[in-house]
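A.B. asks: What would the 3D arrangement of this be:
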Amino acid sequence: MAMRTSGWLLLLLLPAALGAGRQDITSPVAARPDPTRVEAAGLHNIFQITDKLYSGSSPESDEGFRSLRKLGVKTIISVDGMRPDVTRARKYGLRYVHLPFGYDGIPREQALRIARAVRDLPGRVYLHCHHGIHRGPAAAAVVHLCLDKKCGIETAVAEMRRAGTDPRYKGLYAAPRTIGRPTAEELDRAPADFPEVAKVAGLVETMVGIDGCWDNLKQVRAAGWKVPPGHPDIDPPHEALQLLEHFREAARLREVRERPQDFRHRLAAAERAAAELEAALRPGKERRQVDRPAAAKAFHKMNARCVQCHGRYRDTR
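C.D. replies: Numbering: from 1, shown residues only. The predicted model follows:
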């Protein structure tokens, strides 16, 4: 009797066991119990969020694209400002989609557009930013929230933390809460044009963003390195962080990479000064107060770097 019972039990369990190995890659909402870290050549910080969705870094050389193909990826979505390597993607039969946004957060329309791309485009989807740590995981978490009714806001935020998204990027961490879960009708109304290469800000536009942050930091300095009176929206360390990211984005622009080495060195020096300013303005566990002398020193260094670079490259006729 015991042997017959075991046999019937085995027959009952066998179909489930065989089905467990199959994955429905057409469903973007088949969430894994816990996002799985994946190791693959030419890729970094990869997590499989759902059966259809991965997040990670930009693919490196042919090796990275080969790894994506082995993972069953058919569509790559970049949310970074850099121009995607469309030619190499095509070589491996992959489609590239370029839907970038900044470190200050994800505009809702862009978030729904990314979610619709993941929902509607074929095969597994690899969603990436440059390093696969900040913007990519934020976008993947928002997509998961948009497409999976079982994914709550805290789950989405936890996925960002697991990927290493820096909590200093308040706009990215606010995205799951501010965007929320759209209705199916809202997703259907999201733009369905998915460009291979999107038009992104050039050096002039990036410098406009730098000027905006710098003007805000001048107000912070005048207020004794505190939130300026009448401007509760200006968070000193966050403004310095945005300034730093503007410089990093500028360094990745093709028009900057093609400029003289001296220009690139000056830009890198300004980036280092911005990093020093951000560190001085951000209290930590060991230092609970703003380091005002260090902030003033970094501010003056930053100003000197900009004046010198402008005198050499901008203010000449």
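
A.B. asks: What lies in contact with stretch 132-141?
C.D. replies: By C-beta atoms under 8 Å, 6 or more residues apart in numbering, the residues outside stretch 132-141 that reach it are 43-47, 49, 53-58, 77, 79-80, 101, 103, 106, 111, 114, 127-129, 156-157, 159-160, 163-166, 169, 172-173, 175-176. For the C-beta atoms, the positions are set from N, CA and C on the backbone; glycine is no exception.

A.B. asks: Let's see that stretch as CSV, backbone CA atoms only.
C.D. replies: Provided in CSV are the C-alpha atoms of stretch 132-141 (Å, rounded to 0.1, in the frame of the first residue of the first chain):
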residue,chain,number,x,y,z
GLY,A,132,23.6,49.6,-13.7
ILE,A,133,23.4,51.1,-10.2
HIS,A,134,21.2,54.3,-10.2
ARG,A,135,18.9,55.1,-13.1
GLY,A,136,18.6,51.6,-14.5
PRO,A,137,17.5,50.0,-11.3
ALA,A,138,15.1,52.9,-10.6
ALA,A,139,13.5,52.5,-14.0
ALA,A,140,13.3,48.7,-13.6
ALA,A,141,11.7,49.1,-10.1
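
A.B. asks: so how far is that stretch off the chain centroid?
C.D. replies: How far stretch 132-141 lies from its chain's middle: 4 Å, per C-alpha atoms, centre = their mean, to the nearest Å.

A.B. asks: And for stretch 46-64?
C.D. replies: With C-alpha atoms, centre = their mean as the basis, the mean position of stretch 46-64 lies at 13 Å from the chain mean.

A.B. asks: buried sites along that stretch?
C.D. replies: For stretch 46-64, a neighbour-count test (16 or more other C-beta atoms under 10 Å) marks 46-59, 64 as buried.

A.B. asks: Could you work out the end-to-end span of that stretch for me?
C.D. replies: Terminal residues of stretch 46-64 are spaced 11 Å apart (C-alpha to C-alpha, to the nearest Å).

A.B. asks: Start the count at 7 instead of 1 going forward.
C.D. replies: I'll keep to 7 as the first residue from here, and by that count the last item is stretch 52-70.

A.B. asks: confidence score at the residue nearest in space to the middle of the chain?
C.D. replies: By C-alpha atoms, centre = their mean, the chain has its centre lying nearest to residue 141, at 1.0 Å. Among the per-residue scores, residue 141 holds a pLDDT of 93.

A.B. asks: No more questions from me, cheers.
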